[in-house]
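**Q** Fold the following and give me the result.
(2 chains)
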Amino acid sequence: MISDIVNVIFCLGNCVLLVNLRRMRLEKCWFCSSTVYPGHGIQFVRNDAKIFHFCRSKCHKNFKMKRNPRKVKWTKAYRRLHGKDMTQDSTFEFERKRNRPERYDRNLAENTLKAIKKIDKIRSDRASDHIKNRLKTGKVQRQKEARKQLELGIHLVKAPLALAQDSSLCLPKIKVNVSQAQTEENQPMEE
Amino acid sequence: MIQPQTHLNVADNSRTRELMCIRVIEAMIKEAIPNTPLERLEVIRAVIVYTRKELKCDNGMIIRYDDNATVVIDQEGNSKGTRIFGAIARELRQLNFTKIVLLAPEVL
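**A** Numbering: from 1, shown residues only, chains lettered A, B, ... in the order given. So this is what the prediction gives:
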């Protein structure tokens, strides 16, 4: 998304300096798919001129070990392949690689920066929703199991004798019905 | 690390296939005067364009290639071949090897 700044001409009095500014592009690490910022990581050029970018030596070393990122659990490639992370979304369209350099336009640059922030927020919200939804079924299951375990193992929490004596210590599910009609009936009998 | 006696591949279509470095002239991407054991035993000049050892660029980028390769040049620094294979680092332009950079299919 960052445009290439190719040539900037400075005029210093009589002499004209042609400064070749470096291209700055945020690459994706080939192994883990995180962004590689300038000054970080290593680029490896294979003999067939394919270029691999790595964000840090961890990824680089894994590559040298000939590991397949699709099988390594912490990489984005694995997570996308196994449905852990969001794969298809319209916000991904914004981040396509464009090779045509854009002429610098102040308004365009400003709007792009604003858009980047917004799109980023939308994308991360959608991604976290995706994960939340994925984990929802597990959460329900776990709550069910927890409730069952509590019912079965209530004697570990509170002694059964104490539970019988003090009705206030009962579980919310086990209801002790103390209705008025019953006590009135009972009283004459107890006396 | 390229040293004298290092065997280097050639990344252009000049007639040489393999070179042996006998003397190294400058630093960074070095200019080496190699010997050509396979095709002819002649001392010619070549520019090292790929190194297995990482190369640090001005902008902090570090590039590493899969092998050590050179491009055969003449005394002025123009390449002898007409085609160059593979991506070339940008540093070559700074070192006045513009012809090589122009011929390269991709510049890093």
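
**Q** Check chain A for the residue nearest chain B and tell me.
**A** A:Gly39 (3.2 Å; Cβ to the nearest Cβ). Every C-beta, even on glycine, is put in place using the N, C-alpha and C of the backbone.

**Q** what's the neighbour count on A:His130?
**A** 16 (other Cβ atoms under 10 Å in any protein chain shown).

**Q** you'd agree it is up against A:Gly83?
**A** No. Counting by Cβ atoms under 8 Å, A:His130 stays clear of A:Gly83, with 9.2 Å between them.

**Q** related to what we said a few turns ago, so what's the residue of chain A closest to chain B up against?
**A** B:59-61 (Cβ atoms under 8 Å, 6 or more residues apart in numbering or on different chains).

**Q** Please, a PyMOL command that selects the buried ones among the residues you listed?
**A** Selection of buried members from the contacts of A:Gly39 for PyMOL, criterion 16 or more other Cβ atoms under 10 Å in any protein chain shown:
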select buried, chain B and resi 61
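
**Q** what's the closest of the contacts of A:Gly39 to A:Gln165?
**A** Closest approach to A:Gln165 among these (Cβ to Cβ): B:Gly60, at 73.9 Å.

**Q** Am I right that the closest one sits in a helix?
**A** No. Using DSSP: H, G, I helix; E, B strand; the rest coil, the assignment for B:Gly60 is coil, not a helix.

**Q** In contact with it, which residues?
**A** Neighbours of B:Gly60 in contact, by Cβ under 8 Å, 6+ apart: A:38-40.

**Q** Same list, those, but as a markdown table with secondary structure please.
**A** Listed next are the contacts of B:Gly60 as a markdown table, based on three-state DSSP:
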| residue | secondary structure |
| --- | --- |
| A:Pro38 | coil |
| A:Gly39 | coil |
| A:His40 | coil |
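
**Q** of those residues, closest to A:Val140?
**A** A:His40 (41.8 Å).

**Q** neighbours around the nearest residue in space to the closest one that is not next to it in sequence, how many?
**A** Leaving aside its sequence neighbours, A:His40 sits nearest to A:Cys55 (Cβ to Cβ, 6 or more residues apart in numbering or on different chains; 6.2 Å). Look at A:Cys55: counted by other Cβ under 10 Å, it has 21 neighbours.

**Q** what distance separates the helix or strand A:Ala127 falls within from the centre of its chain?
**A** For A:Ala127, the host element (DSSP states H and E) is helix A:106-152. Centroid separation for helix A:106-152 versus its chain: 7 Å, with Cα atoms, centre = their mean, to the nearest Å.

**Q** any idea how far whichever residue of chain B sits closest to chain A is from A:Met24?
**A** Chain B approaches chain A most closely through B:Gly60 (3.2 Å), counting by Cβ to the nearest Cβ. Per Cβ to Cβ, to the nearest Å, B:Gly60 is found 10 Å from A:Met24.

**Q** Give the residues shared as contacts by those two.
**A** A:Pro38.
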